[in-house]
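Participant: model this:
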Amino acid sequence: MPLTLVQAAHSELVIKKSRFIACVQAVPDRSAAQAVVAQLRAEHPNAAHVCWALLAGGQSAANDDGEPGGTAGRPMLEVLRRQDLEGVLATVVRYFGGIKLGAGGLLRAYTDAVAQALLTATKTPLEKMRTLHCELPYAIEGQVRRELQLAQAALVAVRHGQTVEITFCVADSAALPLMARLNEAGQGALHWRD
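Facilitator: Below you'll find the predicted structure:
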């Protein structure tokens, strides 16, 4: 089962006067990852490189940001893959220290920076989520919302019309028991939509 990170973890290495500042963190997709990278570039305007690797299903990517091809992003991505991570972004900000490290040295530096950050990271199993839609009378909306909260479901949308339409996400393993409790609470008045 793939793992993700509970919270961001950091490390810092200094190799031949170059400073490598690494961070690994959970992100939902490529656009969120690119926002994090843009923020890092703004926070570190004097950095020589902001390299990154994203492992997020079909949105995986690696970026060397001007380092020689294959010496930064791809090795960082491989570290994430070896740890069976999913939905995780690794970034390394490099301040050049004036001494060239060569391709092998860069590869080791970026790999080590990410690996060191992952040593302090708390990992958790990545659980598949399910999105559900239901329609219900106003009279049981409060009860349904309490059940959703107890199941740690995330509200996506609520629409009030002649009835209440609720869209929510819940862990796949909790979906069927939650649906059963909601059906019982609705006493036939709650309807599931595709």
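
Participant: Provide the secondary structure category for Ser173.
Facilitator: Of the three states, Ser173 takes helix according to DSSP: H, G, I helix; E, B strand; the rest coil.

Participant: so it sits against Glu127, correct?
Facilitator: Yes: using Cβ atoms under 8 Å, Ser173 is in contact with Glu127, at 6.6 Å. All C-beta spots, glycine's among them, are computed from the backbone N, C-alpha and C.

Participant: and those two? Which one has more around it.
Facilitator: Using other Cβ atoms under 10 Å as the criterion, Ser173 and Glu127 rank with Glu127 on top: 14 against 10.

Participant: so what pLDDT did the residue nearest to the more buried one when sequence neighbours are not counted get?
Facilitator: Distances taken as Cβ to Cβ, 6 or more residues apart in numbering place Ala171 nearest to Glu127, at 4.7 Å, with adjacent residues excluded. Looking at Ala171, its pLDDT reads 85.

Participant: I figured Ala171 hits Leu126, correct?
Facilitator: No: with contact defined as Cβ under 8 Å, Ala171 does not reach Leu126; the gap is 10.4 Å.

Participant: residue contacts, the residue sitting nearest the centre point of the chain?
Facilitator: A centroid search over the chain (Cα atoms, centre = their mean) returns Val27, at 2.3 Å, as the residue closest to the centre. If a contact means Cβ atoms under 8 Å, 6 or more residues apart in numbering, then Val27 has Ala33, Val36, Leu54, Ala56, Gly87, Val88, Leu89 as its contacts.
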